[in-house]
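Trainee: Show me the folded form of this:
(chains A and B)
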Amino acid sequence: MTSRRLGIDRSPGYGVDRDAEHSFTLDGEAHTGLSGDTVASAMVAAGELPCGPSLYLGRARGIMGAGVEEPNALLHVEPRSPGHAAESMLPATTVELVDGLRASWLQGLGRLDETPDGALYDHTRVHTDVLVVGAGPAGIAAASQAAASGARTMLLDEQPAPGGSLLSSRGERIESTDAVAWARRTVDDARTAAEFTYLPRTTAVGSYDANYVVAVENRTDHLPASERPGVSRQRVWHIRAAEVILAAGAHERPLMFADDDRPGIMLAEAVRTYLNRYAALAGEQIVVATTNDSVYSLLEDLAEAGAPPVAVVDSRPEATPRAAAVLEATGVRGIFDAVVTGSDGDGDAGRLTAVTVHRLDRDDVPVGSVETLSADLLAVSGGHSPVVHLHSQRQGGIAWDDVLAAFVPSAPVARQQTVGAMAGTWSLSRALRTGAEAGRRAAEACGFRAEGADSPSDSPQTRDPLADGPRADLDYGPVRALWLIGAPDAQDPAEWSTHFVDMQRDQTVADALRAVGAGMRSVEHVKRYTSISTANDQGRTSAVNTVGLLATVLGAGHPGQVGTTTYRAPYTPVPFAALAGRRRGELFEPARITNIHSWHADHGAVFEDVGQWKRPRYYPRTGEDMETAVLRECAAARGSVGFQDVSTLGKIEIRGTDTGRLLDRIYTGVFSKLRVGRGRYGLMCTPDGMIFDDGVTLRIADDRYLMTTTTGGAATVLDWLEEWHQTEWPELDVAFTSVTEQWSTVAVVGPKSREVISRIAPELDVSNEAFGFMAFRETTLRNGVPARICRVSFSGELAFEVNVANFCGLATWELIAEAGAPFDITPYGTEAMHVLRAEKGLIIVGQDTDGTVTPQDAGMGWAVSTTEDFIGRRSHSRPDTARQDRKHLVGVLPADGRTLLPEGAQLVGAQTPITPEEGPVPMLGHVTSSYRSAALGRPFGLAMVWDGRNRIGEVVRSPVDGRLVDVELTSPVHFDPEGTRRDG
Amino acid sequence: MLLITCPHCGPRDEVEFHYGGQAHVAYPEDPQALDDAAWAHFLFYRDNPAGAFAERWQHSAGCRKWFDVVRDTVTYEFLTPEGGSR
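Mentor: I've put the predicted structure just below:
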């Protein structure tokens, strides 16, 4: 096909380098383009507008826009570097051309590349005084003023070069110079300021509370392959700005008429962008259809490029002064009070060949005889919609402006301003002036003095741009908006099934009317009923048109009475890989490991995550599965001796003369009377009386306690202590310090544990008489390491916990391993620990309890003081809490002695018919813990059961794998109920 | 993300803080002296205004101090520039 690329004599080509040609393939075919092209502009320059067919209907479609508004031209882009993933769906209008790019057209739907993306993505966090979004004329003017004041200023723009709409223009002049050169120079000047940052190819995608703006910067896709390594592909910017100026521009709306979706029907502003920025003429036989004055600049530019349009079809009754002047100067035919009502195309390719034109009556209804105009390009403008997304995300008000026929910001967001086309300011001179004023205001709000009139050359507002540019003061003219364009022989919108509203979703006026017919009135409902504006273009060309047609159909006075759908982040799609950044694989979350971790890893431990901790779950020997390993580990702890790394338990040191008094309130038990040198198990409740955490607390000295918490609860408990101390009882003399990571702790468990401890702590009298249960001793281990040894047990066995300085953990572990070797001391993990404690009916907070369980429910009334007024005590006498038939902790034994009940399995009364088809089956409770037991020789579990303690001995049923299993309710203590093993 | 001014550390991102609900709801001096209704009122009833709301925050990932602020629940704006520390 003939090239439609224009020489410098016919187009400024602001965005392309005519001397730098790139080769690329599209659908396997070789193409060329220029440096600065997008894939779309290269194809326009090649005279090839068609892209992939439409999503559902398979209709021929073509490139319609020139930026992020593009609904049709979607690309799959092959990986740009080895090891990277393919891009599943990008608008061709946003893909910058590089040599060797390989892409293919999509039919409206991408396919995710399942290979891991090896590209680097990163995040950065910055603070700035002034953030300007959009480097069009208003944004540049604002940023330049702010930067000149000394305020730290950031200017973000989605395009590779500054200028915004100026890049699509020609002949525009600012301060006696070419407007695009002005844009470049002004940004370059600002960059000499120490505190100025300009980020091209960066899209602000989300605006959040307190001026927290998230932006995504594309950093490598436009670079030659050789320059990409070592640079992250995309960077997510987290920006906190004191002042935000939004200058995000506007998007043009298409017109909705019969067969409005052919290749060759393009937004007028896109035609102008291709013409001036990319030096590409999108068609040769051009018709322009409009509702406003904005297209007359395109007319002038086309005429200047030697390609004047055939005609302009203008909905307004007569030519505005601007229109009249342009028509006279260019000799283009103007057809007023008229509208394009349909199109004709060329066979399968569907490329536009002609448009039909009708006159409009006073009610916007096409009337009279048809005129057919041959055309290969129809440039349409149904008006412009300010890009209010970021403003609206912050709940900034928007309102319908009947003069502009657009939703514009109407109520400000605190410490934010909107300027330029985004604020409904179409004239360049006003955009420059209001932009500069906004920049100065923002700088002053941050405490900087804007230079203003002192330096005229930097201040567009001090010169009169009108004197420079012939078009700088152009207004938008009156608008005659058209939402429903029928034809004399097609008056019922419900039948307009080729009036496409949302091209990407293939939704038509008929579809929208069907939603209304189904009773939908709210635009939010119509959106969801039809899927209009839910595609990845987020309805940039369809959302306001939908509002307009609804307003007409529903007889609302104007679109403002229908309102808009909610604008949500992200403004443009953000790759998940970018959101993940470096937080992938082992950097996904910080891993906390104990001092003994390397030993566990060397000995084949299988780890599990407990909070951020890596804890050994079990230590399989060759050929063992988890079940076998855990049974062996449990048998060792009950039969001889086992040892476990319990360093991860939360540890909080509490000091102060009132520590005991505080603990009496925090715990359900009494701690103020605990003797120094002893420990006590404690339960914590929330004020509603429910179990919150548990652990053993030691009294180190009169005014010093060491509290242990659950592994996962350490941070929460520390916050809890601080809260009660600071907000309720600040008069108490206490202070809290997390010491979890200061200590390594090894539990030595089993009948032989006393002998192991005596071997590693020769100075210690380990006899039961000298060193009783719940006592602790300070001693020095055989290897010279000072240690605190406690007699606590979470298994029912004789057991000790050896606490040493964290960095002595591994040495101490190895010392214990060596001392225990004669007894075949066995390392065990969390799984065996769970089994051992469950055999004894000991709860794990958060597994057997869930925030609705009182100590009494758990059968732990013994841990509850009857005298102290601890947190939650009052709730234990509330009528519901005091009931005797609440859910109780009980044991469960599958009657067949073989079935392992799944944790979470429901329990049903033995006589209860299982008839789910008749409604919910009443449940008695559920299994909270379930394991195979070496000691019991059978599976067993714990459960929370209504009135459970009074049902012990009862047989209930549980559905397991589609069958019903008989389950006996028992005491929660399955093993050694007399507690004979605790003292060895 | 809110920007919260800790009275001790200055403005910090919301992620450093722990929310503590309505302020000025004192734990009863003697819970046992309350009847069930009064105790339930303390446990479960909190204001939910659309507008100014006195609430508690803790700078849990910073100085761990609790403080009170007044915040507008509609605009999320903090109405007390300096939080009154308790």
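
Trainee: Break chain A down into its structural domains.
Mentor: As assigned by automatic domain parsing, chain A contains the domains A:17-114+A:254-381, A:120-251+A:384-472, A:487-586, A:597-648+A:743-837, A:650-741, A:884-970.

Trainee: do you know which of those lies nearest B:Pro11?
Mentor: Ranking the domains of chain A by proximity to B:Pro11 (CB to CB) places domain A:120-251+A:384-472 first, at 8.8 Å. In short, each C-beta sits where N, CA and C put it, glycine included.

Trainee: Need phi/psi at A:Tyr121.
Mentor: Here is the backbone geometry of A:Tyr121 (degrees, to the nearest 10): phi -130, psi 140.

Trainee: Can you add distance to chain B and give the domains of chain A back as a markdown table?
Mentor: Listed next are the domains of chain A as a markdown table, based on distance: least, CB to the nearest CB, whole Å:
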| stretch | distance to chain B |
| --- | --- |
| domain A:17-114+A:254-381 | 25 |
| domain A:120-251+A:384-472 | 4 |
| domain A:487-586 | 12 |
| domain A:597-648+A:743-837 | 14 |
| domain A:650-741 | 5 |
| domain A:884-970 | 16 |
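
Trainee: Tell me which of the ones you listed sits nearest to B:Glu55.
Mentor: For B:Glu55, the closest of those is domain A:650-741, at 12.1 Å, according to CB to CB.

Trainee: Quick one: end-to-end length of that closest one, please.
Mentor: This stretch, domain A:650-741, spans 9 Å end to end (CA to CA, to the nearest Å).

Trainee: quick check, distance from it to the centre of its chain.
Mentor: Here domain A:650-741 is found 38 Å from its chain centre; the criterion is CA atoms, centre = their mean, to the nearest Å.

Trainee: What of stretch A:378-395?
Mentor: 24 Å.

Trainee: What average pLDDT does it get?
Mentor: Across stretch A:378-395, the average pLDDT comes to 96.

Trainee: which ones are touching the residue in the stretch 751-900 of chain A positioned nearest to chain B?
Mentor: Going by CB to the nearest CB, chain B is nearest to A:Arg874 of the stretch 751-900 of chain A, at 3.6 Å. Neighbouring residues of A:Arg874 by CB atoms under 8 Å, 6 or more residues apart in numbering or on different chains: A:687, A:689, B:31-32, B:34, B:39.

Trainee: Apply 6 Å and report the result again.
Mentor: B:31-32, B:39 (CB atoms under 6 Å, 6 or more residues apart in numbering or on different chains).

Trainee: which SS class is it?
Mentor: Secondary structure, DSSP: H, G, I helix; E, B strand; the rest coil: A:Arg874 is helix.

Trainee: For it, report the pLDDT, please.
Mentor: Note on A:Arg874: pLDDT of 96.

Trainee: Kindly identify which of the contacts of A:Arg874 also come near chain A.
Mentor: Among the contacts of A:Arg874, the residues that sit close to chain A (CB under 6 Å from any CB of the partner chain) are B:31-32, B:39.

Trainee: between those, which is closest to A:Ala882?
Mentor: For those, the nearest to A:Ala882 is B:Trp39 (12.5 Å; CB to CB).

Trainee: separation between A:Glu21 and A:Ala761?
Mentor: Plainly put, A:Glu21 is 81 Å away from A:Ala761 if you go by CB to CB, to the nearest Å.

Trainee: Between those two, which is the more surrounded one?
Mentor: A:Ala761 (22 against 13; other CB atoms under 10 Å in any protein chain shown).

Trainee: That one and A:Ile816, how far apart?
Mentor: A:Ala761 sits 10 Å away from A:Ile816, going by CB to CB.

Trainee: which regions of the chain sit below the pLDDT cut-off?
Mentor: In the absence of a named chain, chain A is used. Chain A contains residues with pLDDT under 70 at A:1-2, A:451-475.

Trainee: wait, chain B
Mentor: For chain B, the stretches flagged by pLDDT under 70 are B:81-86.

Trainee: near chain A, which residues of it show up?
Mentor: Remark: the part of chain B in contact with chain A comprises B:1-3, B:18, B:27, B:31-32, B:36, B:39, B:43, B:60, B:64, B:66, B:76, B:86, using CB under 6 Å from any CB.

Trainee: which residue ranges form the strands in chain B?
Mentor: Assigned by DSSP state E, chain B shows strands spanning B:3-6, B:10-13, B:18-22, B:52-58, B:66-72, B:84-85.

Trainee: can you count the residues close to residue 74?
Mentor: In the absence of a named chain, this looks at chain A. A:Leu74 has 26 neighbouring residues, counting by other CB under 10 Å.

Trainee: Chain B was what I was after
Mentor: 12.

Trainee: Quick check: nearest residue in space to it, chain neighbours excluded?
Mentor: B:Ala50 (5.5 Å; CB to CB, 6 or more residues apart in numbering or on different chains).

Trainee: Would you mind measuring from the most centrally placed residue in chain B to A:Thr716?
Mentor: The structure's chain B has its C-alpha centroid closest to B:Arg56; by CA atoms, centre = their mean the separation is 1.4 Å. Distance from B:Arg56 to A:Thr716, counting by CB to CB: 16 Å.

Trainee: that older thread, now flag whichever of the contacts of A:Arg874 is closest to A:Pro309.
Mentor: B:Trp39 (80.2 Å).

Trainee: residue contacts, that closest one?
Mentor: So B:Trp39 contacts A:Arg874 (CB under 6 Å, 6+ apart).

Trainee: Tell me which stretches of the stretch 651-800 of chain A form helices.
Mentor: Along the stretch 651-800 of chain A, counting by DSSP state H, counting those that start in this stretch, helices occupy A:659-666, A:714-727, A:753-760.

Trainee: okay, those in JSON lines with mean neighbour count next?
Mentor: Output for the helices of the stretch 651-800 of chain A, formatted as JSON lines (neighbours: other CB atoms under 10 Å in any protein chain shown):
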{"stretch": "helix A:659-666", "mean neighbour count": "22"}
{"stretch": "helix A:714-727", "mean neighbour count": "19"}
{"stretch": "helix A:753-760", "mean neighbour count": "22"}
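
Trainee: I'd like these as a markdown table, with distance to A:Arg170 appended.
Mentor: Below are the helices of the stretch 651-800 of chain A laid out as a markdown table (distance: least, CB to CB, whole Å):
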| stretch | distance to A:Arg170 |
| --- | --- |
| helix A:659-666 | 75 |
| helix A:714-727 | 62 |
| helix A:753-760 | 87 |
